[in-house]
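1. This is a predicted model, with the sequence first.
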Protein chains: 2
Amino acid sequence: MVKVAVLGYGTVGSGVVEVIESNNEQVSRNAGEEMHVKYILDLRDFPEDPYGDRVVHDVNLILEDPEVSVVCEVMGGTGPAYQFTKQALEAGKSVCTSNKELVAKHGPELLAIARTHNCSYLFEASVGGGIPIIRPINSSLTAEKILSILGIVNGTTNYILTKMENEGAGFEEVLKQAQELGYAERNPEADVEGHDACRKLAILSSLMTGKNVDAGAIYTEGITGITNADFAYAKAAGMTIRLLAAGKLTEDGRVLAMVAPFLLDNTHPLAMVKDVFNAIFVTGNMLGDSMYYGRGAGKLPTASAVVSDVIECARNQGRTIPCFWDGESAKLAEVSETEQRYFVRARVSARAEVEAAFSGRVFEAPDRAEDFGFFTDAMIEKDFNEKYDALGDKVLGRIRLA
Amino acid sequence: MVKVAVLGYGTVGSGVVEVIESNNEQVSRNAGEEMHVKYILDLRDFPEDPYGDRVVHDVNLILEDPEVSVVCEVMGGTGPAYQFTKQALEAGKSVCTSNKELVAKHGPELLAIARTHNCSYLFEASVGGGIPIIRPINSSLTAEKILSILGIVNGTTNYILTKMENEGAGFEEVLKQAQELGYAERNPEADVEGHDACRKLAILSSLMTGKNVDAGAIYTEGITGITNADFAYAKAAGMTIRLLAAGKLTEDGRVLAMVAPFLLDNTHPLAMVKDVFNAIFVTGNMLGDSMYYGRGAGKLPTASAVVSDVIECARNQGRTIPCFWDGESAKLAEVSETEQRYFVRARVSARAEVEAAFSGRVFEAPDRAEDFGFFTDAMIEKDFNEKYDALGDKVLGRIRLA
């Protein structure tokens, strides 16, 4: 019997209990022994809940119970969640989490503690919700040198961009709709400014390199500047706009990590990723391109990923499941020093100046009287920015090309 | 040091050696110790080859060498490959293979032998080439009840269908091109008649159910009947045609397994899978839809998958990596008794009779003077067949809807 404790009885926590109970046949078969939720830690009581009798308020009950071998930390945040995770690992209990903030901030330290105590720290649900991506990187793409990871890892922004694309609506209007439907938070900053995607990219690019990529050091640009005019051009060019989390090994062995909206050709596999779906596109030196697609959020998909981690822990009791993520910092490339291609939207009156500033080609979309588009050739971002800034209010926006 | 033997120095075999040598840093790190190819078994000699000195002709050298802990069976076929795999497992050596024929035919038996001898039989490369799909099913989707698997698992037919779609060319013409480019075999039957996809589906649906799905019992229909007229209608309807390997749990707990061309809406994630790429779309009861996409064949992608299995074996020496696939036969549903929707193409002169035979809707494509299309409502296949057959040469073809 594998006895599990769930820390935090919110959306994901109640999902974890539901998955373990509803799919107990599959879960127990795959774990190799019966799985049972012994404790649920929460500040609140749940007298009406069918599992309300398992709710406890004191974490020490869990930490000191030798029967509990796996702990699911689904509280979120980096305060008590950090403390409890450390204590559980130090007590030799494996910890499975969906807490991307904590993983991005303390991943290498917690992994090291798990190794010392012959248990595991797993975080499949921290990126891409229910999509298997952490385990594929750690145990399927192991014969590869991973060259790049390109992900749509935030459902809220992907929903907003898809709506803008389909309905020709503006950002603010769609954001409001998304908030009403519960797809965006009342305070949407973490999503629309790219911070959520940034944390997930920190995790993915750390796993790609084996060294630590600090979320704070990742160039991050959100989608608040994307307009329906941009989509009009994208559509006319056979492209779409997606918020991408991009991690790429440079030729000199550094990592180019950035979160930003990109123009993407409609033939790219990521272009078909609509609404709240997520996908991660991974390129290896032997395998070439592969992609992992599915629901990037939601109670049950996320919970399913947490429970799959619990099953792995049950299968690997007394040993640590390998995960290569050092505390040593990865060397990051400066975005300003890398080459990119850009789409520039500019006032029709400034056409001569735009053509003089950049090499590339003019792109006109139907029904656009006031502005025109320009695709630049590849150029160093710093040089682009200088020229773009010098054009002042003659230019109306720019988006990088994926 | 993990010492590996490679059985068969053909395309995949030489790829396996190349991946282990070229990516030795990643491979050895991920295996936890240095990996080295000690033997290559082949009937031929390779005096010019850089690894020619490792070539041996007697399998007993490998079977009797206690240093060899993992064997890669990349010979193909079910003759000596079967014998050598059994002997290696009985000697406690794990076996990793790309041999879908052998896995489909003897999977449960070989897995049982591996369990008895505390080693593993792994076959990531047997389905979807380099795409991680076997390990995701066996160790990531473990909290799921898998409800259905829908795969594009044969690159040759997908290449042919994509070409027919893009160029409006006929099947025979495109097949010839594919043969000239090396994408299709001189004897293309195993691919175009669906037998290759059928074996892969046998493996996938066995893993889905945990019971044995015999390839011989799977309803299999190839793509030789697909015409450019079908693609004209598909295009007009916003759809495409793909050869799908479909495994689905029915409500009464049986498995509906079939390989056949299907009409697929362009908004379906599988519709963007072009050319020789493969993808497997998996639906679970908690996670919902997920998809795994990549190169389904090719020397290095396939070899990379084999080597990822070798790494898993190295990490799990002395124990068996779980894989639930019994010898007991899964209960299959009869395709003729299941409900499907159909697209029927018929002569314009027979319109009244087609409308009388089926309920559904007429679909006309531009520039089609001689024929018209009809989408039926859902109906039992047996009933459909009766009515369709009764129409004789008034109907020109039918394709199921996915």
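-> Alright, I've got the coordinates.

2. Run through the residues of the stretch 151-300 of chain A sitting next to chain B.
-> Contact residues, the stretch 151-300 of chain A versus chain B (CB under 8 Å from any CB of the partner chain): A:210, A:267, A:269, A:271-272, A:274, A:279, A:284-295, A:298, A:300. Where you see a C-beta, it was placed from the backbone N, CA and C, and this is true even at glycine.

3. and after the helix or strand hosting residue A:352, which helix or strand comes next?
-> Secondary structure assignment for residue A:352, by DSSP states H and E: helix A:351-357. Going down the chain from helix A:351-357, the next helix or strand is strand A:360-363, by DSSP H and E.

4. Restricting to C-alpha, output that following strand in CSV.
-> Written as CSV, here are the backbone C-alpha positions of strand A:360-363 (Å, rounded to 0.1, in the frame of the first residue of the first chain):
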residue,chain,number,x,y,z
GLY,A,360,13.8,43.0,-46.5
ARG,A,361,10.5,43.2,-48.3
VAL,A,362,7.3,45.2,-48.1
PHE,A,363,4.2,43.2,-47.4
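
5. Quick check: mean pLDDT of that strand?
-> When pLDDT is averaged along strand A:360-363, the result is 97.

6. Same check on stretch A:127-135?
-> Stretch A:127-135 comes out at a mean pLDDT of 96.

7. Any part of it near chain B?
-> Yes: judged by CB under 8 Å from any CB, stretch A:127-135 comes into contact with chain B at A:130, A:131, A:132, A:135.

8. would TSV of those with neighbour count and distance to residue B:313 be doable?
-> Shown next, in TSV, are these (neighbours: other CB atoms under 10 Å in any protein chain shown; distance: CB to CB, whole Å):
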residue	neighbour count	distance to residue B:313
A:130	31	28
A:131	30	26
A:132	29	20
A:135	21	17
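
9. With respect to residue B:359, which of these is nearest?
-> Among those, residue A:130 lies closest to residue B:359 (CB to CB), at 38.0 Å.

10. who touches the closest one in this structure?
-> A:294-296, A:298, A:300-302, A:304-305, B:286-288, B:290 (CB atoms under 8 Å, 6 or more residues apart in numbering or on different chains).

11. isn't there a helix covering it?
-> No: according to DSSP: H, G, I helix; E, B strand; the rest coil, residue A:130 belongs to no helix; its state is coil.

12. isn't residue A:258 right next to residue A:220, touching?
-> Yes: look at residue A:258 against residue A:220 with CB atoms under 8 Å: they come within range, at 7.2 Å.

13. circling back to that earlier point, columns neighbour count on top of the contacts of residue A:130, output as a markdown table?
-> A markdown table is the format used below for these (neighbours: other CB atoms under 10 Å in any protein chain shown):
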| residue | neighbour count |
| --- | --- |
| A:294 | 28 |
| A:295 | 24 |
| A:296 | 27 |
| A:298 | 19 |
| A:300 | 26 |
| A:301 | 27 |
| A:302 | 27 |
| A:304 | 34 |
| A:305 | 36 |
| B:286 | 26 |
| B:287 | 28 |
| B:288 | 18 |
| B:290 | 27 |
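
14. Which of these fall in helices?
-> A:300, A:301, A:302, A:304, A:305 (DSSP state H).

15. And those residues, which two are furthest apart?
-> A:300 and A:305 (9.9 Å).

16. Which residue, neighbours along the chain excluded, lies closest to residue A:344?
-> Counting by CB to CB, 6 or more residues apart in numbering or on different chains, residue A:374 is the residue found nearest to residue A:344 once chain neighbours are left out, at 4.5 Å.

17. Next one: that neighbour from chain B, what distance?
-> Per CB to the nearest CB, to the nearest Å, residue A:374 is found 28 Å from chain B.

18. Residues in a beta bridge with that residue, which ones?
-> With DSSP bridges as the criterion, residue A:374 is bridged to residue A:344, residue A:362.

19. neighbours around it, how many?
-> When neighbours are counted by other CB atoms under 10 Å in any protein chain shown, residue A:374 registers 22.

20. quick one: it and residue A:347 touch, right?
-> No: with contact defined as CB under 8 Å, residue A:374 does not count as touching residue A:347 (11.5 Å).

21. Helix or strand: which one has the closest residue to residue A:121 other than its chain neighbours?
-> Leaving aside its sequence neighbours, residue A:121 sits nearest to residue A:114 (CB to CB, 6+ apart; 4.2 Å). Residue A:114 belongs to helix A:100-116 when assigned by DSSP H and E.

22. and after that helix, which helix or strand comes next?
-> As assigned by DSSP H and E, the chain's next helix or strand after helix A:100-116 is strand A:121-122.
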